[in-house]
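In: have a look; sequence and predicted model below, questions after that.
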Amino acid sequence: MAQSSSGRKKPNVLVTGTPGTGKTTTSSFLAEATQLRHVNVGDLVKDKNLHDGWDEQLDCHVINEDLVCDELEDMMEEGGNIVDYHGCDFFPERWFDRVVVLQTENSVLYDRLSKRGYTGAKLTNNIECEIFQVLLEEAKESYPEGIVVALRSDTIDDINRNVATLTDWVRNWCPKPE
Ligand SMILES: Nc1ncnc2c1ncn2[C@@H]1O[C@H](COP(=O)(O)OP(=O)(O)O)[C@@H](O)[C@H]1O
């Protein structure tokens, strides 16, 4: 059984991947199934102004990683969080018991991001990010190998299967004896 490296009573799970791979959908279903708290970092950055302005070229907020980590610190120490973000190298390694990297077939992802209104460099940058498995590499470099899992997220069946697998993992997780 998976064990925590801290005194947390509930595990913390990071759900990462290129935009459009299904992080928010998967995390919200998982939160419903496990009663863990879904933390959408993108929304948090907007709601609490945890950024240094707007990047016109990339068409997104310039996230302030220190402010985000300060904001999350207490919650993460307590445990019981599903953190949803398209980046993973700036969170402290000790926060997470499981790091899930969602991956989607390129043409499927292209359609999803086009539907979301992504065009030009924003669209091609994200597709390239998926082709080169940037988030999987980032996760492998930032966390112990044993806690990183890559899951396909092409279809609704994949989402259902991933949520079921992760729900089982959460239920079987037990805190490290004090
Ligand atoms: N595995 C999947 N199968 C079918 N549709 C999906 C899947 N994953 C995501 N989607 C759809 O793609 C869009 C983006 O999903 P979302 O969860 O917002 O992705 P992310 O949080 O990674 O940006 C949504 O419309 C969602 O319903």
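Out: Arrived safely.
In: what about residue 150, which SS state?
Out: Under DSSP: H, G, I helix; E, B strand; the rest coil, residue 150 falls in the strand class.
In: next, count neighbours for it.
Out: Look at residue 150: counted by other Cβ atoms under 10 Å, it has 16 neighbours. Every residue, glycine included, has its C-beta placed from N, CA and C.
In: you'd agree it is up against residue 99?
Out: No: at 9.7 Å, residue 150 does not count as touching residue 99 under the criterion of Cβ atoms under 8 Å.
In: element containing residue 90?
Out: Per DSSP states H and E, residue 90 falls between elements, in no helix or strand.
In: how close does it get to residue 64?
Out: 10 Å (Cβ to Cβ, to the nearest Å).
In: so between those two, which is more surrounded?
Out: More neighbours surround residue 64 than the other of residue 90 and residue 64, with 16 against 13 (other Cβ under 10 Å).
In: was I right to think that one contacts residue 44?
Out: No: shown here, residue 64 and residue 44 do not form a contact pair, counting by Cβ under 8 Å, at 11.4 Å.
In: contact partners for residue 96?
Out: By Cβ atoms under 8 Å, 6 or more residues apart in numbering, residue 96 lies in contact with 12-14, 83, 143, 147.
In: next one: residue 19
Out: Contacts for residue 19 (Cβ under 8 Å, 6+ apart) come out as 86, 113, 116, 118, 126.
In: of those, which belong to helices?
Out: Secondary structure assignment by DSSP state H places 113, 126 of the contacts of residue 19 in helices.
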